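> sequence-free structure coming up:
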């Protein structure tokens, strides 16, 4: 029992620290050095608590982690890598997501995530309300500030969608907030499995969808839609639908009142503006061809005209990580590849197609034990491989792992109770 409470506390701390880290970087400790220290802490979060209390239990007892760690170590020692420090960063980046889920997997039968639900609901509510406020404020307002941390020699400026800011919540940049929203959808999935208060679920669901539009992120809106469809087809029964309809009666009445008000209240303008701005951005990018490039560009780059000269084992993990390249330099082998952006080409550039195959195998292992039905596992496999970067985006890495932990554990608890 004590061990279970410790692990649950660790999960909650990782969640809270990830949520507030961006706020610390952009509103409290605004110097670049302090921001980098906070970012380094984020990178180490998957390892800190588990190693402190359980040591390297995953490397001692789990063969899949022994193999993966040794494999990453070999890739980190690639003679084409510029420095050994690039390799160290590479191990941390490529291992973090799997280490956190492995820590949970090794202890999942002893964990009950349900006591953490009120805390997560509180933070989700804060993030949704803050996002609504930010969307109405000018780009130069204090609440819309980005973290002043240099990326590739430049400071990022606040992004706009239409005339409104692309909201970031408490996070340093847009990607942190979109990662949080993906977590929020998995958390809603967990609440539905737990038969939680449907009014709270309805509020979180509505707020998350509108917030996704406010980010202006097509990938975020696409993923939230896909996940909602999976939730509907895998979790909804006649009883569930009835409960939802009852819980949605009050929100529908409020929307009807807003409609009758014809703009005099203002909330309906926010919703309409969010959709209009997002749709305008989507349409412009679709017409320019940028949207097709985002959808199919990785396939083209990897399978048709891969530019790398080292396709099997790559040029060394960590070789493209901005934190390492800004501190220790960029390898000539990375420079000869040319421009790169998305995660899949970067994975192959760093570790070759061998690393990509190993990564696919890890996702097969993960989905094999997660509590999802077969249809959800197939769709999630495609989404995980192609649409959610978990190596070079620390927010995605932590929030996706946390979302899977919540969703899996609620279902696992119900199954264990049923079998007693």
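Happy to help now that I have it. Keep in mind the model is a prediction, meaning the values are calculated, not measured.
> Same question for residue 85, what's its three-state structure.
Assigned with DSSP: H, G, I helix; E, B strand; the rest coil, residue 85 falls in the helix class.
> That one against residue 326, yeah?
No. Checked against Cβ atoms under 8 Å, the pair residue 85 and residue 326 is beyond contact range at 11.7 Å. Bear in mind the C-beta positions are built from the backbone N, C-alpha and C, glycine included.
> what bits of this structure have low per-residue confidence?
Along the chain, segments meeting pLDDT under 70 span 1-4, 148-156, 245-269, 286-297, 420.
> And the strands in it?
With strands called from DSSP state E, the chain shows them at 160-161, 164-165.
> Tell me which of those lies nearest to residue 408.
Proximity to residue 408 (Cβ to Cβ) singles out strand 160-161 among the strands of the chain, at 33.9 Å.
> Show me what the closest one is packed up against.
Contact here means 3 or more Cβ pairs under 8 Å, 6 or more residues apart in numbering; DSSP states H and E; on that basis strand 160-161 packs against helix 267-288.
> again, only this time at 10 Å
Helices and strands touching strand 160-161, by 3 or more Cβ pairs under 10 Å, 6 or more residues apart in numbering; DSSP states H and E, are helix 198-215, helix 267-288.
> what's in contact with that strand?
135, 139, 166-167, 174, 213-217, 273-274, 276-278, 280-282 (Cβ atoms under 10 Å, 6 or more residues apart in numbering).
> ok so, going back, got CSV for the strands of the chain, with distance to residue 393 and mean neighbour count too?
Below are the strands of the chain laid out as CSV (distance: least, Cβ to Cβ, whole Å; neighbours: other Cβ atoms under 10 Å):
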stretch, distance to residue 393, mean neighbour count
strand 160-161, 20, 18
strand 164-165, 21, 23
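> what's the closest of these to residue 407?
The closest of the strands of the chain to residue 407 is strand 160-161. By Cβ to Cβ, the value is 29.5 Å.
> related to what we said a few turns ago, I'd like the strands of the chain as JSON lines, with distance to residue 126 appended.
Converted to JSON lines, the strands of the chain look like this (distance: least, Cβ to Cβ, whole Å):
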{"stretch": "strand 160-161", "distance to residue 126": "22"}
{"stretch": "strand 164-165", "distance to residue 126": "18"}
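> Quick one: closest of those to residue 304.
strand 160-161 (31.9 Å).
> Tell me the strands beside that closest one, with direction?
Paired strands of strand 160-161, with direction, are strand 164-165 (antiparallel) (DSSP bridges).
> which of the contacts of strand 160-161 count as buried?
Neighbour counting with 16 or more other Cβ atoms under 10 Å marks 135, 166-167, 174, 213-217, 273-274, 277-278, 281-282 as buried within the contacts of strand 160-161.
> Residue 346 versus residue 302, what's the distance?
11 Å (Cβ to Cβ, to the nearest Å).
> Please apply the same query to residue 362.
17 Å.
> same check, this time on residue 33
26 Å.
> Give me the more crowded residue out of those two.
residue 346 (21 against 8; other Cβ atoms under 10 Å).
> Without its sequence neighbours, what residue ends up closest to that one?
Spatial nearest neighbour of residue 346, chain neighbours left out: residue 320 (4.9 Å); criterion: Cβ to Cβ, 6 or more residues apart in numbering.
> State the number of residues packed around the one you found.
Residue 320: 26 neighbours (other Cβ under 10 Å).
> I'd say it and residue 339 touch.
No. With contact defined as Cβ atoms under 10 Å, residue 320 does not count as touching residue 339 (11.1 Å).
> list the residues that contact both of the two?
residue 345.
> pretty sure residue 398 is touching residue 45, no?
Yes. The pair residue 398 / residue 45 is scored as a contact, 6.6 Å apart, by Cβ under 10 Å.
> Now do the shared contacts for the two.
Joint contacts of residue 398 and residue 45 (Cβ under 10 Å, 6+ apart) are 14-15, 17-18, 21, 96, 100.
> Quick one: end-to-end distance for stretch 304-319.
Using Cα to Cα, to the nearest Å, the end-to-end distance of stretch 304-319 comes out at 23 Å.
> any idea how far that stretch is from the chain center?
When distances are taken as Cα atoms, centre = their mean, to the nearest Å, stretch 304-319 is centred 25 Å away from the chain's centroid.
> Just the buried positions in it, please.
So stretch 304-319, judged by 16+ other Cβ under 10 Å, has buried residues 308, 310, 313-319.
> Can you pick out the most distant pair from those residues?
Taking Cβ to Cβ, no two of the buried residues of stretch 304-319 sit farther apart than 308 and 318, at 16.0 Å.
> nearest to residue 130, of the strands of the chain?
That would be strand 164-165 among the strands of the chain, by Cβ to Cβ, at 12.1 Å.
> neighbours of residue 114, just the number please.
15.
> which one is residue 222 nearest to, not counting chain neighbours?
Per Cβ to Cβ, 6+ apart, closest to residue 222 is residue 387, 7.5 Å.
> Let me see the backbone angles for that neighbour.
phi -120, psi -10 (degrees, to the nearest 10).
> what's the neighbour count on it?
Residue 387, neighbours per other Cβ under 10 Å, totals 14.
> Report the contact partners of residue 95.
Residues in contact with residue 95 (Cβ under 10 Å, 6+ apart) are 46-47, 58, 65, 68-69, 72-73, 102, 317, 391.
> swap in residue 167?
If you count contacts by Cβ under 10 Å, 6+ apart, then residue 167 has 127-128, 130-137, 143-144, 159, 161, 174, 177-178, 211-216, 274 around it.
> Now do the phi/psi pair for it.
phi -70, psi 150.
> Pull up the gap between it and residue 209, please.
Applying Cβ to Cβ, one obtains 13 Å for the distance of residue 167 from residue 209.
> Number of residues surrounding the closest residue to residue 343 other than its chain neighbours?
Distances taken as Cβ to Cβ, 6+ apart place residue 389 nearest to residue 343, at 3.7 Å, with adjacent residues excluded. Applying other Cβ under 10 Å, we find 19 other residues in the vicinity of residue 389.
> Understood, closing this out.
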